[in-house]
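Engineer: Have a look at this prediction, sequence included:
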Amino acid sequence: GENVEQHPSTLSVQEGDSAVIKCTYSDSASNYFPWYKQELGKRPQLIIDIRSNVGEKKDQRIAVTLNKTAKHFSLHITETQPEDSAVYFCAAKGYGGATNKLIFGTGTLLAVQP
Amino acid sequence: GAVVSQHPSWVICKSGTSVKIECRSLDFQATTMFWYRQFPKQSLMLMATSNEGSKATYEQGVEKDKFLINHASLTLSTLTVTSAHPEDSSFYICSASVGQGTLNTEAFFGQGTRLTVV
């Protein structure tokens, strides 16, 4: 089955700096890669997602890149703000059968220092 | 976006009792729902896939007789933690996606249930 690894586990940046979180996945059948932000005790919130037919997607300060050959995808947050502080999870999902499950990475605790 | 409602949001129960958690899709039909468990400072771990009208599919290491899943309608899946013990204390969360077919779509999550077994 799918296995998703995420690095780093913790990340501290100064306000205004950029933050990058990286993930790798194992199942080449995966074709959907969302990123979630989770605040303590709350449900994960989708912040951006990318499908396997594109290599990059951007939404204001947030961007995601995907390298299907290497099975890597990354989250980039620019001009970080204190309210960006949270736990971020990457995930991967395929289509159909055993791959139609959203598997999460291990999470990154992002702390943005004012 | 679509709305998934989970109830209760928190529950405290005595060791040995059973607890039922409900997950409803409010404005769409969900033939498949997923149940996750999240321990403090850890990731969401998939427990099982709930299929409407058929048996749930459990992930390796998850006891199907302890975590009973029922998906009797297109808008409701339930997870029952039977004979709960303190080690079952966790954050349980369900999710569902809109539509089935060739395009993978966004997963919508319930608000989660904080279970504490004393």
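Structural biologist: On my side now, so go ahead. Numbering: from 1, shown residues only, chains lettered A, B, ... in the order given.
Engineer: Stretch A:83-102 and chain B in contact?
Structural biologist: Yes - using Cβ under 8 Å from any Cβ of the partner chain, stretch A:83-102 reaches chain B at A:89, A:93-95, A:100-102. Backbone N, C-alpha and C define where each C-beta goes, glycine included.
Engineer: Need the max-distance pair from these.
Structural biologist: Greatest spacing in the residues of stretch A:83-102 next to chain B, by Cβ to Cβ: A:Phe89 and A:Tyr95 (20.4 Å).
Engineer: Name the residue in the two with the higher neighbour count.
Structural biologist: When A:Phe89 and A:Tyr95 are compared on other Cβ atoms under 10 Å in any protein chain shown, the one with more neighbours turns out to be A:Phe89, at 24 against 16.
Engineer: B:Asp88 versus the more buried one, what's the distance?
Structural biologist: 22 Å (Cβ to Cβ, to the nearest Å).
Engineer: so who does residue 27 touch?
Structural biologist: Using chain A here. With contacts defined as Cβ atoms under 8 Å, 6 or more residues apart in numbering or on different chains, A:Asp27 is in contact with A:1-3, A:92, A:94, A:99.
Engineer: look at chain B instead
Structural biologist: Residues near B:Asp27 by Cβ under 8 Å, 6+ apart: B:2-3.
Engineer: what helix or strand does the residue nearest the centre of chain B sit in?
Structural biologist: The structure's chain B has its C-alpha centroid closest to B:Trp35; by Cα atoms, centre = their mean the separation is 3.3 Å. Taking DSSP states H and E as the definition, one finds B:Trp35 inside strand B:32-38.
Engineer: Neighbouring strands - and their directions - for that strand?
Structural biologist: strand B:45-51 (antiparallel), strand B:90-97 (antiparallel) (DSSP bridges).
Engineer: going on from the last one, what's the next piece of helix or strand?
Structural biologist: For strand B:90-97, the following helix or strand on the C-terminal side (DSSP H and E) is strand B:107-109.
Engineer: Give me the distance between that following strand and the centre of its chain.
Structural biologist: Centroid separation between strand B:107-109 and its chain, computed with Cα atoms, centre = their mean, to the nearest Å, is 12 Å.
Engineer: A:His72 against A:Lys22, yeah?
Structural biologist: Yes - with contacts defined as Cβ atoms under 8 Å, A:His72 counts as touching A:Lys22 at a distance of 6.7 Å.
Engineer: Can you name the residue of chain A nearest to chain B?
Structural biologist: Ranked by Cβ to the nearest Cβ, the top residue of chain A for proximity to chain B is A:Tyr32, at 3.6 Å.
Engineer: That residue: neighbour count?
Structural biologist: By other Cβ under 10 Å, neighbour count at A:Tyr32 equals 22.
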